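> Any chance you can model this:
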Amino acid sequence: MANPSHARALAKAANGNLGIGSTTQLIPEANDASRVEYEFVVDGMSGDTRFPHGDLKALFTTGELNMCDNEFHGDSYTGVPDGMGAYLVDDSTLRVVVQSESYGPVTRYETWPYPTNKDSGLATFTGSHVQYTDFDRLGLSNFMHHDGPASDIVKGFGQVATTYYNLAGDRVGPRNGEDATPSGAHYSNTDADGNWAYENFPTKADWNMQSLCSSHLEEKHQWGRGIGFEDDIYITNEEWNSYAPGSSFVGISMHAMDLANAVDYAVGSVTVSGWEKIVELNPAHTDYVILSLSGYNGAYSNGDGEIVGRNAEYSKPDGTDYVSPNNICPARIYIGMKGKMEDGSDAPADDFLARNGLRYGKVYGYAIDMSESGPTEGLFRDAFHKSRNNGAKVEGKFVPIDWQWDGTVKNFRHDGAWEFQLPVPGFDDLTWWNSGSLTESGSKTEHNSPDTREGMTAFIQGSTAGYFGHYYVNGITEALDAAMASGDDFPASLDSDYYVYQGENDITGQIDLGGAGLYAQDPENNYCPSPVAEGEQINDATFNCDKPGSVKSTFEDIDGLEVVAASEGLFVVIQEDSGSDVGERMFISSVLEHEDDGEELTYYFMAMSGGVINTRMMAGVGIPATASEESGGHEFSGVIDLSGMLKKDSSNFSISAGDGHAKRQAELEVPIEDKLIVIGLQAHNYHSGVVEAFEADRGGQVLLYKPDFSE
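Have a look, this model is predicted:
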């Protein structure tokens, strides 16, 4: 074998030393190796792991192999880890689902191809994978005190879905070479006629599953008897795409994975504008489902063909042209009626999407009075959040757009994403509260997270501008009852309120480092100059350095954001994606509140990782050994609270498998310092050694975290 690192990887695999969960060394650090008494710079070994606000342990690491005796034996765990979820397969097995954010032929690093639809015309995918790891429930509950590797408690591993349906409702089939695939196309890669829309074709697969970003796992009736989805569903979504210049294309969709039957369904009812994260909210009604939708609203490079097509076929009331809809959108929700086909007729009982309210529904956007006397004095969302304090309130309404999915696959020019450039239907006094304006792109809406407290239909929404806040949907049961009784099926509007948790402000005084977070120093090159000490570098993680010479005192590019519901209240884990040159940061907040009392939240530093001038990155060390090929950035991404599934009454677990509502209730009863929380970490520069040898894209690690606020 020509590549020595590949030969070493195969030797380790043959000796059984690369099993899922076998790696115990950690990628993240508490401090840069140059700032502690012993330099932790050894390939394959941890750096400084004295994390100030809770321990971290490795669950599994990119490049490890499935050694379990099942149909997926020998499959490699594929990076970079991103969206995730967990549920109880049975009373002794806890399944952790993690997807990879991979780009296949759109950029580089095509992952090993995985087969689908073996019984109806085999089709293969490269790009993003969705994989599960099964853990012994009791072993996982005690893992933070276990001396051995996580492989000691691994029971199984594999692909979550093996059957895939496309937007047209057909099983995905093999690609017809470089010609059109009129039936069975994966429409994220094509136009509505099945013509290939990328510049490049996959080299080893039919299709590319493009950039599965964040996700959420929703259990049946998690909000109460008959309330919520009718099945256990893993919601994932393709995030962004890059097409051939001038091409026509459909766009990218949400995916609903039927966990019981290992089936993936592409979903068109929420638009095909690409998504960062979609989560279920409490609909407070047995006949409806509600989703919070977060994403970029058409982040399609080389999308000019569809923009031209939109303007050729549609006009705006003011006579101006449509522009790219990318990041021209407000906060959004989707309301779907269960048991209905796209036209509102009754669906067969065995129709998975219809049964779960994912065929017939409406997309709603947040709209407000944008006059000078309105709640923001005429400011759009990004501008409003500059220097805005905790507790600021913005009253508004969620209003449906005119577009509605009809079940027919069409090119993106016909999608609902464009409608946030138009007046709000039925409300002359309201305007979509977009991030930039009705015609200008603003900051990205990345992660959202549901408020899982009893009786709440609400969610927390983040932004790459560094702010986040809480949207409450008011009177939802009454509004849905009225719509149903009137025959309209969906409310004409929903009264709502938004509260700021964190504005785009200086947070350096709100950060508690716990004695950690020390950065590498590079005074000679003045790489990250201190804003408070002339001629010096920033010292620690109270500041962010997202590129040479750029030092930020705010949050920079909040990406990962997940609320953790505890007995004390709600907490939030924040994971930046700034491209920090000295180490990407992760924090957990104090209890969330928006009392407008002059008090701001505290952010407890959890860990940092990567960075082009980080000492370990500069030295080329990685986890596993040989994975690092160059210095580069990392990103924490993904959070799961396991506490509801691991809570015990005396010596017995509190809940049984298949009871999502009990899981949510149990989470609310566990104190924050008794939580066990899964964390994802992406290591983009780890694409050598075992990672490359097993076509696992780029590196990363999934970790278990136990909060500890004592110092």
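
> and the residue lying closest to G466 once chain neighbours are set aside, what does it touch?
Once flanking residues are discounted, G466 sits nearest to F555: 3.6 Å by CB to CB, 6 or more residues apart in numbering. For the C-beta atoms, the positions are set from N, CA and C on the backbone; glycine is no exception. Neighbour list for F555: 466-467, 502, 504, 507, 544, 574, 576 [criterion: CB atoms under 8 Å, 6 or more residues apart in numbering].

> Just the buried residues out of the residues you listed, in PyMOL syntax.
The buried residues among these can be selected in PyMOL (16 or more other CB atoms under 10 Å) with this line:
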select buried, resi 466+467+502+504+507+544+574+576
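
> In strands only, show me the contacts of F555.
502, 544, 574, 576 (DSSP state E).

> Tell me the one of the residues you listed nearest P425?
The nearest member of these to P425, counting by CB to CB, is Q502 at 31.9 Å.

> didn't the closest one look like it was pressed against F468?
Yes - using CB atoms under 8 Å, Q502 is in contact with F468, at 5.5 Å.

> that older thread, output the contacts of F555 in TSV; the columns should cover pLDDT.
Listed next are the contacts of F555 as TSV, based on pLDDT from 0 to 100:
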residue	pLDDT
G466	97
Y467	98
Q502	98
E504	98
I507	98
N544	96
I574	99
E576	98
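
> To what extent is the residue lying closest to M45 once chain neighbours are set aside buried, counted in neighbours?
Spatial nearest neighbour of M45, excluding adjacent residues (CB to CB, 6+ apart): Q25 at 5.4 Å. Counted by other CB atoms under 10 Å, the residues lying close to Q25 total 19.

> Nearest the geometric middle of the protein, what residue?
Nearest to the geometric centre of the chain sits S214, at 1.6 Å (CA atoms, centre = their mean).

> quick one, what contacts the nearest residue to that residue once chain neighbours are set aside?
Leaving aside its chain neighbours, S214 sits nearest to K277 (3.7 Å; criterion: CB to CB, 6+ apart). By CB under 8 Å, 6+ apart, the residues touching K277 are 83, 213-216, 237, 294-295, 446-448.

> now K277: how far from N200?
Going from K277 to N200 by CB to CB, to the nearest Å gives 28 Å.

> cool, A256 as well?
28 Å.

> And D577, by the same measure?
In terms of CB to CB, D577 sits 26 Å off from N200.

> what about the two, which has more around it?
D577 (22 against 14).

> so which strand or helix has the closest residue to the more buried one other than its chain neighbours?
With sequence-adjacent residues excluded and distances taken as CB to CB, 6+ apart, D577 is closest to D559, at 3.5 Å. Using DSSP states H and E, D559 falls within strand 558-566.

> Show me the shaky parts of this structure.
1-2, 4-16, 523, 711 (pLDDT under 70).

> circling back to that earlier point, list the contacts for the residue nearest to D577?
For D559, the contacting residues are 446-447, 462, 464, 575-577, 635, 637, by CB under 8 Å, 6+ apart.

> and of those, the nearest to L94?
S637 (20.9 Å).

> now that closest one, what's its secondary structure?
strand (DSSP: H, G, I helix; E, B strand; the rest coil).

> Start at 721, not 1
New numbering, starting at 721: the last item is S1357.

> In this structure it contacts A1403, no?
No - S1357 sits out of contact with A1403 when judged by CB under 8 Å, with a separation of 11.0 Å.

> so what sits against both of those two?
V800.

> What residues sit buried inside the helix or strand harbouring F1118?
Using DSSP H and E, F1118 maps to strand 1113-1120. Buried residues in strand 1113-1120, defined by neighbour count with 16+ other CB under 10 Å: 1114, 1116-1120.

> Equivalent analysis for stretch 1309-1326, please.
Neighbour-count burial for stretch 1309-1326 [16+ other CB under 10 Å]: 1309-1310, 1312-1314, 1320-1326.

> List the contacts of N1022.
Going by CB under 8 Å, 6+ apart, the list of residues near N1022 reads 962-967.

> Sort out which one of the residues you listed lies nearest T901 for me.
Closest to T901, out of all of these and judged by CB to CB, is S967, at 15.1 Å.

> ok, which stretches of the stretch 1021-1170 of the chain are strands?
Ranges of strands within the stretch 1021-1170 of the chain are 1052-1057, 1081-1088, 1113-1120, 1151-1152, 1168-1170, based on DSSP state E, counting those that start in this stretch.

> returning to what we had before: could you dump the contacts of F1275 to JSON lines with distance to T827?
Putting the contacts of F1275 into JSON lines (distance: CB to CB, whole Å) gives the following:
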{"residue": "G1186", "distance to T827": "27"}
{"residue": "Y1187", "distance to T827": "30"}
{"residue": "Q1222", "distance to T827": "32"}
{"residue": "E1224", "distance to T827": "30"}
{"residue": "I1227", "distance to T827": "33"}
{"residue": "N1264", "distance to T827": "25"}
{"residue": "I1294", "distance to T827": "27"}
{"residue": "E1296", "distance to T827": "22"}
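
> Go through the contacts of F1275 and say which is closest to T1151.
Looking across the contacts of F1275 and measuring by CB to CB, the closest to T1151 is Y1187, at 19.5 Å.

> and the closest residue to that closest one other than its chain neighbours, how far is that from I1278?
In space, and not counting its chain neighbours, Y1187 is closest to H1105: 4.0 Å by CB to CB, 6+ apart. With distances taken as CB to CB, H1105 is found 12 Å from I1278.

> Between these two, tell me which one has more neighbours.
Taking other CB under 10 Å, H1105 and I1278 do not tie; I1278 has more neighbours (27 against 24).

> pretty sure the more buried one is touching G1189, no?
No - taking contacts as CB under 8 Å, I1278 lies outside contact range of G1189: 11.5 Å.

> thinking again about what came up before, of the strands of the stretch 1021-1170 of the chain, which is nearest L1073?
strand 1052-1057 (9.3 Å).

> quick one: that closest one to strand 1113-1120, angle?
40 degrees (axes from the mean of the first three to the mean of the last three CA atoms, to 10 degrees).

> Direction included, what does strand 1052-1057 pair against?
strand 1008-1014 (antiparallel), strand 1081-1088 (antiparallel) (DSSP bridges).

> Quick one: those as JSON lines, columns for distance to G1136 and mean neighbour count too.
Shown next, in JSON lines, are those (distance: least, CB to CB, whole Å; neighbours: other CB atoms under 10 Å):
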{"stretch": "strand 1008-1014", "distance to G1136": "11", "mean neighbour count": "26"}
{"stretch": "strand 1081-1088", "distance to G1136": "6", "mean neighbour count": "25"}
